[in-house]
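J.: starting from these lines, generate the structure:
(2 chains)
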Amino acid sequence: RKEVEQDPGPFNVPEGATVAFNCTYSNSASQSFFWYRQDCRKEPKLLMSVYSSGNEDGRFTAQLNRASQYISLLIRDSKLSDSATYLCVVNDQAGTALIFGKGTTLSVSS
Amino acid sequence: GAVVSQHPSRVICKSGTSVKIECRSLDFQATTMFWYRQFPKQSLMLMATSNEGSKATYEQGVEKDKFLINHASLTLSTLTVTSAHPEDSSFYICSAFLTGTNEKLFFGSGTQLSVL
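T.: Residues are numbered from 1 along each chain as shown, chains lettered A, B, ... in the order given. Purely as a prediction, here's the structure:
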């Protein structure tokens, strides 16, 4: 069964903290990888794509390790507004449906 | 930018009634749309892939006679929950790929269905 596994958390951190999420996927042939953010009862929103070379967008850094089949997301200098559920997402084949992990809940407090 | 519009956003209905959810792609044509369901504290689970002009492809365990999908045009897919029961209460969300793009998916805003 194709699966994406995440630690559900919750991760409770103070403002300014650095927090890291990991995710593993079962299908070694998976082609595309993403992190989405979902707020309660809202649609998921793309946070960033994940590339083998690693990529950074402001306070967010994503890494992909194909050999170990895991994906990571690092958030630096956490803000209150970062509180949400972060979904690890995998696309096995272009044009097909995305496969979502259960999500990791982050709560940032002041 | 491209947008997917989903309606209604919230439905409360009695057990045994049928509920139709609409998903429209705005300013682009979507030959393929996806329907997901999300229970509380669970991940989005793919229910079916909706193909314009042909039958939908359902995931294992999803009853095609209960969850009717119609994708009659390139901009509209509908999901009808027939004879809804309390266990069908969930967050339903549609998504669509912009034609020619394979790494960006647009989501509707979701429909919270509550069956009493």
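
J.: where does chain B come near chain A, residue by residue?
T.: B:32, B:34, B:36, B:41-46, B:49, B:91, B:93, B:95, B:97, B:102-105, B:107-110, B:112 (CB under 8 Å from any CB of the partner chain). Placement of C-beta: from N, CA and C, glycine included.

J.: in PyMOL, how would I select just the buried ones from those?
T.: Here is the PyMOL selection string for the buried members of the residues of chain B next to chain A, based on 16 or more other CB atoms under 10 Å in any protein chain shown:
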select buried, chain B and resi 32+34+36+43+44+45+46+49+91+93+95+97+105+107+108+110+112
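
J.: so which of the residues of chain B next to chain A are in strands?
T.: B:32, B:34, B:36, B:45-46, B:49, B:91, B:93, B:95, B:97, B:105, B:107, B:112 (DSSP state E).

J.: redo those residues as CSV? Include distance to A:Phe11 and pLDDT.
T.: Converted to CSV, those look like this (distance: CB to CB, whole Å; pLDDT from 0 to 100):
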residue, distance to A:Phe11, pLDDT
B:Thr32, 35, 87
B:Phe34, 29, 93
B:Tyr36, 24, 94
B:Met45, 23, 90
B:Leu46, 26, 91
B:Thr49, 33, 91
B:Phe91, 23, 96
B:Ile93, 24, 96
B:Ser95, 27, 92
B:Phe97, 31, 77
B:Leu105, 26, 77
B:Phe107, 24, 91
B:Gln112, 26, 96
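
J.: and which of those residues is nearest to A:Ile71?
T.: Proximity of these to A:Ile71 (CB to CB) peaks at B:Leu105, which lies at 17.1 Å.

J.: tell me the helix or strand right after the particular helix or strand that has A:Val13 in it.
T.: Using DSSP states H and E, A:Val13 sits within strand A:11-14. Using DSSP H and E, the helix or strand that follows strand A:11-14 towards the C-terminus is strand A:19-25.

J.: which strands or helices does that following strand pack on?
T.: On a contact count with 3 or more CB pairs under 8 Å, 6 or more residues apart in numbering or on different chains; DSSP states H and E, strand A:19-25 meets strand A:4-6, strand A:11-14, strand A:70-75, strand A:84-91, strand A:104-109.

J.: right, so those strands: which one is the most enclosed?
T.: strand A:84-91 (a mean of 24; mean count of other CB atoms under 10 Å in any protein chain shown).

J.: in its sheet, what does the strand holding A:Val13 sit against?
T.: Sheet pairing of strand A:11-14 (DSSP bridges) gives strand A:104-109 (parallel).

J.: before we move on, the earlier item: quick one: the strand holding A:Val13 to chain centroid distance?
T.: 16 Å (CA atoms, centre = their mean, to the nearest Å).

J.: list of residues touching it?
T.: A:Val19, A:Phe21, A:Ser78, A:Thr104, A:Thr105, A:Leu106, A:Ser107, A:Val108, A:Ser109, A:Ser110 (CB atoms under 8 Å, 6 or more residues apart in numbering or on different chains).

J.: between the residues you listed, which is nearest chain B?
T.: A:Thr105 (8.7 Å; CB to the nearest CB).

J.: pretty sure the closest one is touching A:Gln6, no?
T.: No: with contact defined as CB atoms under 8 Å, A:Thr105 and A:Gln6 do not form a contacting pair (9.9 Å).

J.: so what sits against both of those two?
T.: In contact with both A:Thr105 and A:Gln6: no residue, using CB under 8 Å, 6+ apart.
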